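> pasted the sequence and its predicted model underneath.
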Amino acid sequence: MEINDLAPRPAAPAPTALDTAALARAVRGPVLLPGDDGYDAERTGFQLARPHRPAVIVGAAHADDVVAAVRFAGAHGLPVAVQATGHGLAAGTDGGLLITTGRMAGVTVDPVARTARVGAGAVWGQVVEAATPHGLAPLNGSSPGVGVVSYTLGGGVGVLARTYGYAADQVRAVDLVTADGRLRHLTAERDPELFGALLGGGHGLGVVTAMEFALLPVARLYGGQLVFGAEHLEEVLAAYLRWTRTVPDELTSSLALIAYPDLPQLPERLRGRHLVHVRIAYTGSAERGGQLVAPLRAVGPRVGDDLREMPYAQSHTVHRDPSDPHAYDGDNALLSDLDAAALVRVARLAGPAAPTMCVVQLNHLGGAMATPSGPGTVGHRSARYALRLLSPLQGDDLGTVRALHAEALAAVEPWRLGRSVNFLFGRHGERPDAAEVARSVHDAEAHRRLAALKSRLDPRDLFRFHPAAAATPGPAPAVA
C-alpha cells in the first residue's frame, strides 16, 4: 500500500552543480555539503573507520525528507546510502547522497496490543525503557546503543533469541521509501514478497523510515556473566560446547574470548589478562537457572560471577558492550556444529600472541531461531553457532586484521554454512571476494529471489547500503 500515491519522476541527466538549495527547501532536516559546519559530525557514527564522504548529506527529520532525498538522488544520478544511529556502517557513498536518520527516533508502545512503533533512528535502549514499565520486552540486541531498524533488517540475534527467535520474526509493519520515490506501508498481508525480503537480507531495496513489531511478556531475567581466566580456557570451551547441547530454549548464551591489553585505563582485574566471558540470559526461575549453569561453575574458580535475577531493564548488563565510538572491523561464520579442538585453535590464534587484538564471540543459536514464524528471509536458520571476530583498527592495520580473521575462520571451515548480516563490520565489499561475501548470507535460491526483486525495484542500483552491493548484482547484506 502506498502512502504517497505520486508517480515517480524520470531520471534526469546529472547536473554539473547540485541544486542543493532546492533540496534544503524541500526538507525539514539539514542539508550539508563538504566543508559545512556539522558535515563531519553528521557523517560519523559509532563506527569511526573510514566514514562516508558524500557529496551531500540529508539529515532526515521526517519520512517526507527521505522521499525528497531519494527523488533528488534519482534525478541527479547519485547513489544513496543510509547512516542510522547504530553500530554498523553502510557502504561508502563517496560522491553520492547520504541520508542520516538519527533525528527520526520516536518510540511509541501500545501495551494493550503489545507492540512498539519506532522511527528509523531509534536505538534499543529507548525501546527497552518504554516497554519495561508495562512488563514487556522487545527482542533487543546486547547493547542499548544498537539501532533498532538496521539490527532487525539483518535478522537480529538478541538477548532472548533462543526463546523467541530473531527480531525480524516479530515485525508487523515496515514503512519503506523505494527507488521510485514512493513511501509504502508494508505488511505480510499487503505485500508479502517485499515485506519478507526486507526482514533478514533484502537490503538495498529502499530506505526504512519506521517499523512496528511485537513485544513479549518478559519482565525479568536470570542472567549475567561467568568469567574464567586463561588457565581454564580449554576446559571452559569444551564444557561450554557440551553444555549447549543440553540447555532448554529458554536459555540464550554466548561466550567471549578477550585478550585485554595492559593499559592503565582498564580495571586492574582485566588488565593484561586473557579471559573467557560466558554470558547467560534465562527466562525461567533463578533457582532453575542456577541448576542449569552448575556444570559451567564446576569447571573451576572464576574471576567473576554475577549471575542474578534482574529486571529486564538491566538486560544490557549481560554483555556489557563498549559504549564509546571506535574504529573496528569484523567477520563471522554461521556453523552447523563445532568441536572443542577447533574452538581452542581460534582462541589461541586470537589470544595474547595475536598480531593485533581480536575479540572472539561464539553465540549459541537454535531454539526458536531455527523455525521461521513469518515471511522473513533470515539465512541459514539451521546454524547451531555463530562465530564472530572483531578487531579494533589503529592506523593502517586492516590487512593484518583481515589476515588474522581469515586464519581463524579457516579453523571452522568444515562446519561453515555462511555469514550473518548483523555481524559483518567494515567495508567487506572492497575485498577480492566481495561477491562471495554477498552470496554467503543466503542459500543460492534465496539469493536469486532477492536479486530478482532488487533488479525489479531498483534497476539503476540507486541504493548502496553495503559495499558488496557495488561488487555483485542483487541485494547484499547491509544496514538500512
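The structure has been received and is ready for your questions.

> what about the helices in the chain?
Taking DSSP state H, the helices of the chain run over residues 20-26, 39-43, 63-76, 124-131, 148-153, 161-164, 192-198, 233-244, 286-297, 340-349, 398-410, 434-439, 444-457.

> pipe the ones you listed into a markdown table and attach mean neighbour count per row.
Placement of C-beta: from N, CA and C, glycine included. Shown next, in a markdown table, are the helices of the chain (neighbours: other CB atoms under 10 Å):
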| stretch | mean neighbour count |
| --- | --- |
| helix 20-26 | 14 |
| helix 39-43 | 16 |
| helix 63-76 | 23 |
| helix 124-131 | 21 |
| helix 148-153 | 30 |
| helix 161-164 | 26 |
| helix 192-198 | 21 |
| helix 233-244 | 20 |
| helix 286-297 | 16 |
| helix 340-349 | 19 |
| helix 398-410 | 17 |
| helix 434-439 | 21 |
| helix 444-457 | 17 |
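
> wait, which of the ones you listed is closest to residue 209?
Among the helices of the chain, the nearest to residue 209 by CB to CB is helix 63-76 (4.0 Å).

> just the CA atoms of the closest one, as PDB, please.
Provided in PDB are the C-alpha atoms of helix 63-76 (Å, rounded to 0.1, in the frame of the first residue of the first chain):
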ATOM      1  CA  ALA A  63       9.700  10.400   6.200                       C
ATOM      2  CA  ASP A  64       8.900  13.100   3.700                       C
ATOM      3  CA  ASP A  65      12.600  14.200   4.000                       C
ATOM      4  CA  VAL A  66      13.600  10.700   2.900                       C
ATOM      5  CA  VAL A  67      11.200  10.800   0.000                       C
ATOM      6  CA  ALA A  68      12.600  14.200  -1.100                       C
ATOM      7  CA  ALA A  69      16.200  13.000  -0.700                       C
ATOM      8  CA  VAL A  70      15.600   9.800  -2.800                       C
ATOM      9  CA  ARG A  71      13.900  11.700  -5.500                       C
ATOM     10  CA  PHE A  72      16.700  14.200  -5.600                       C
ATOM     11  CA  ALA A  73      19.300  11.400  -5.800                       C
ATOM     12  CA  GLY A  74      17.400   9.700  -8.600                       C
ATOM     13  CA  ALA A  75      17.000  12.900 -10.600                       C
ATOM     14  CA  HIS A  76      20.800  13.700 -10.300                       C
END
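
> quick check: closest non-adjacent residue to residue 176.
Taking CB to CB, 6 or more residues apart in numbering, and ignoring the residues beside it in sequence, residue 176 has residue 206 as its nearest neighbour in space, at 4.3 Å.

> so residue 145 is in contact with residue 123, correct?
Yes. With contact defined as CB atoms under 8 Å, residue 145 reaches residue 123; the gap is 5.4 Å.

> do you know the pLDDT at residue 444?
Here the pLDDT value assigned to residue 444 is 83.

> what sits against it?
By CB atoms under 8 Å, 6 or more residues apart in numbering, no residues touch residue 444.

> re the thing from before, ok, residue 145 and residue 123, which is more surrounded?
residue 123 (26 against 18; other CB atoms under 10 Å).

> who does that one bridge with?
Residues in a beta bridge with residue 123, per DSSP bridges, are residue 147.

> and it, how far from residue 138?
11 Å (CB to CB, to the nearest Å).

> what sits in contact with each of the two?
In contact with both residue 123 and residue 138: residue 148, using CB under 8 Å, 6+ apart.

> low-confidence stretches in the protein?
Along the chain, segments meeting pLDDT under 70 span 1-18, 45-50, 85-92, 202-203, 323, 325-326, 395-396, 426-436, 465-480.

> let's go with 80 and repeat that
1-18, 44-52, 84-94, 201-203, 321-328, 373-374, 394-396, 423-439, 464-480 (pLDDT under 80).

> residue nearest the middle of it, spatially speaking?
residue 422 (3.4 Å; CA atoms, centre = their mean).

> so what's it closest to, chain neighbours aside?
residue 154 (3.9 Å).

> how about the backbone phi and psi for the one you found?
Dihedral angles of residue 154 (phi, psi; degrees, to the nearest 10) stand at phi -80, psi 0.

> okay if I get the helices of the chain as a markdown table plus distance to residue 224?
Compiled in a markdown table, the helices of the chain are given as follows (distance: least, CB to CB, whole Å):
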| stretch | distance to residue 224 |
| --- | --- |
| helix 20-26 | 49 |
| helix 39-43 | 36 |
| helix 63-76 | 40 |
| helix 124-131 | 17 |
| helix 148-153 | 22 |
| helix 161-164 | 17 |
| helix 192-198 | 34 |
| helix 233-244 | 16 |
| helix 286-297 | 10 |
| helix 340-349 | 22 |
| helix 398-410 | 27 |
| helix 434-439 | 35 |
| helix 444-457 | 37 |
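
> picking up where we left off before, residue 177 is in contact with the residue nearest to residue 176, correct?
Yes. In this structure, residue 206 is within contact of residue 177 by CB under 8 Å, at 5.4 Å.

> what do those two both touch?
Looking at what touches both residue 206 and residue 177 (by CB under 8 Å, 6+ apart), the common residues are residue 184.

> and the residue nearest to residue 422, how many residues sit next to it?
Around residue 154 there are 27 residues (other CB under 10 Å).

> do you know how far it is from residue 167?
Taking CB to CB, one finds residue 154 at 9 Å from residue 167.

> residue 391 now?
Applying CB to CB, the value for residue 391 to residue 167 is 26 Å.

> between the two, which one's more packed in?
The residue with more neighbours, out of residue 391 and residue 167, is residue 167; 31 against 26, by other CB under 10 Å.

> the more buried one contacts residue 152, correct?
Yes. Using CB under 8 Å, residue 167 is in contact with residue 152, at 4.6 Å.
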